[in-house]
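Trainee: The sequence and its predicted three-dimensional model are supplied below.
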Amino acid sequence: MRHLIAGNWKMNGLNASLAEVNKLKSLLQEKPANADILICPPATLLPSLAQEVAGSPISAGGQDCHTAESGAHTGDVSAEMLKEAGAAFIIVGHSERRADHGETDELVKQKAEAAQRAGLTPIICVGETREERELGNAAAVVSAQLSGSLPEDTNYVVAYEPVWAIGTGLVPSLDDIREIHSLVREKTQEETRLLYGGSVKPANAAEILSIENVNGALVGGASLKAEDFFGIIQAV
Ligand code: 13P
């Protein structure tokens with residue numbers, strides 16, 4: 001299975017940040033044999049980033065979408081709009097959206113279906129909080145999120161991102177990642193790509209990416225700098 005190395009820029013990036021994408025393109029030289037590369041910038045940068053990566057091994061994606069195709073939803077962006085702007089994937093249900101905007105599993109599922117309706121592949125995020133892990137509930141929490149968030153159409157990617165590992169430099173043990181990924185695998189198809197996310201860096205990428213049922217990474221901070229992101233791609 002080809003790995004997917006996806007960068008989530010979150011609410012970071014102005015036009016000047018496209019220089020990093022240009023740098024990544026020149027570092028890449030040729031398409032990596034066993035990895036697909038994706039960058040999900042803020043929606044404002046999507047059209048120019050998509051133009052910048054056209055014809056390169058890098059794809060562009062969105063970070064969230066509304067469930068509807070269009071309508072009276074001030075400030076929201078639809079999957080169809082993201083597609084037209086150049087997206088091939090859309091991240092849905094990121095823990096920051098679940099926490100900041102109260103997104104439920106049901107809403108996440110509807111957003112995943114909206115992405116599929118537009119012909120895009122949703123990257124559906126799940127993951128436990130620190131408290132849930134300390135209480136020994138990580139597997140149960142992830143399991144419930146999967147039951148509620150996965151649409152019927154199996155054209156999706158799943159990202160396991162423990163909330164406490166995001167932006168903290170903390171990473172679960174390799175055994176803990178293996179355990180959750182094998183649980184996710186049981187609930188998904190053999191060909192579904194399962195990404196790990198949470199403080200993935202060039203220094204830890206190789207060991208994380210070698211875990212069974214880890215088919216790529218969802219990278220936040222380290223995707224903002226071309227050299228760091230390239231280091232993770234090289235680890236594949
Ligand atoms: P960091 O790589 O900055 O920990 O972020 C992970 C993440 O949330 C990607 O979606």
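Mentor: Arrived safely, thanks for sending.

Trainee: Pick out the residue in the protein sitting closest to the ligand.
Mentor: Nearest residue of the chain to the ligand (C-beta to the nearest ligand atom) works out as Gly220 at 2.3 Å. Glycine gets a C-beta too; all of them are placed from N, C-alpha and C.

Trainee: Next up, the contacts around His181.
Mentor: His181 makes contacts with 160, 194, 196, 211-214, as judged by C-beta atoms under 8 Å, 6 or more residues apart in numbering.

Trainee: Just the ones of those residues in strands?
Mentor: Mapping the contacts of His181 onto strands (DSSP state E) picks out 160, 194, 196.

Trainee: Make sure the first one is actually in contact with Arg193.
Mentor: It refers to Tyr160. No - counting by C-beta atoms under 8 Å, Arg193 is not a contact partner of Tyr160; they are 11.5 Å apart.

Trainee: on that earlier part again, does the residue of the chain closest to the ligand really touch Gly169, like I thought?
Mentor: No - counting by C-beta under 8 Å, Gly169 is not a contact partner of Gly220; they are 11.5 Å apart.

Trainee: okay, the two: which has more neighbours?
Mentor: Higher neighbour count among Gly220 and Gly169: Gly220, with 20 against 10, using other C-beta atoms under 10 Å.

Trainee: Backbone torsions only: list them for the more buried one.
Mentor: In terms of degrees, to the nearest 10, the main-chain angles of Gly220 are phi -90, psi -100.

Trainee: quick one: the strands in the protein?
Mentor: Assigned by DSSP E, the strands in the chain fall at 3-8, 35-40, 58-62, 87-92, 121-126, 157-160, 194-197, 216-219.

Trainee: How about the residues of the chain by the ligand?
Mentor: 8, 94, 161, 166-167, 197-200, 218-222 (C-beta under 6 Å from any ligand atom).
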